[in-house]
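[1] Task: produce atomic coordinates for the following.
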Amino acid sequence: MAKHIDTHKQIRNMPVSKRPTMIPLFPTGARYFQSWRSVRWFILMLIPIWSSAIAAAVRKQSIMMMILICLIGSGFTAILFVSYCSEMISSNLGTYFKKTEPIRYWLQIIVLVIIYAAFAIAGYQA
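    Just a heads-up that it's a prediction; the model follows:
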């Protein structure tokens, strides 16, 4: 865990243009799933995704649609959850921190929220 914190600080102290991009969230993001308190919030975030997958099954959509909603939607939920908890988001556009680059950070979080919402309503579509 200390290695993650040191790397986190090293990246934060770098200029934005010099920071690495596409930093993987896992396995370092797994630490946010170790306490029951944070796991509860993650499970709460999964409820709309799972209910969308169940709605897809009830509406007699293909089983593949249900599986895709459940798996890919859960994956995007995990990315959103870890990005929010770590206060760092990394993509091909760059690596941004909530405290130092709030606008860029929140713009990328908004993109993840839109994708999350799309999976949450996908099973209800005709």
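[2] Regarding Ile89, what is its secondary structure?
    Of the three states, Ile89 takes strand according to DSSP: H, G, I helix; E, B strand; the rest coil.
[3] Is it in contact with Thr95, as I believe?
    Yes - in this structure, Ile89 is within contact of Thr95 by CB atoms under 8 Å, at 7.3 Å. Placement of C-beta: from N, CA and C, glycine included.
[4] Those two - which one has more neighbours?
    Taking neighbours as other CB atoms under 10 Å, Ile89 and Thr95 compare with Ile89 leading, 27 against 21.
[5] so who does that one touch?
    Applying CB atoms under 8 Å, 6 or more residues apart in numbering to Ile89 gives the contacts Ser83, Thr95, Tyr96, Tyr105, Gln108, Ile109, Leu112.
[6] Which of those residues has the largest number of neighbours?
    Tyr96 (23 neighbours).
[7] returning to what we had before: tell me which of the contacts of Ile89 is nearest to Arg31?
    Of all the contacts of Ile89, Ser83 has the smallest distance to Arg31: 13.7 Å, by CB to CB.
[8] Asn13 and Trp50, how far apart?
    Separation of Asn13 from Trp50 (CB to CB, to the nearest Å): 40 Å.
[9] which one of those two has more residues nearby?
    A side-by-side neighbour count of Asn13 and Trp50, using other CB under 10 Å, places Trp50 first with 17 against 9.
[10] Which strand or helix spans the more buried one?
    Using DSSP states H and E, Trp50 sits in helix 36-58.
[11] Pull out the buried residues from that helix.
    Using 16 or more other CB atoms under 10 Å as the test for burial, helix 36-58 gives Phe42, Met45, Leu46, Pro48, Ile49, Trp50, Ser52, Ala53, Ala55, Ala56, Ala57.
[12] again, but for stretch 22-41
    Leu25, Thr28, Gly29, Tyr32.
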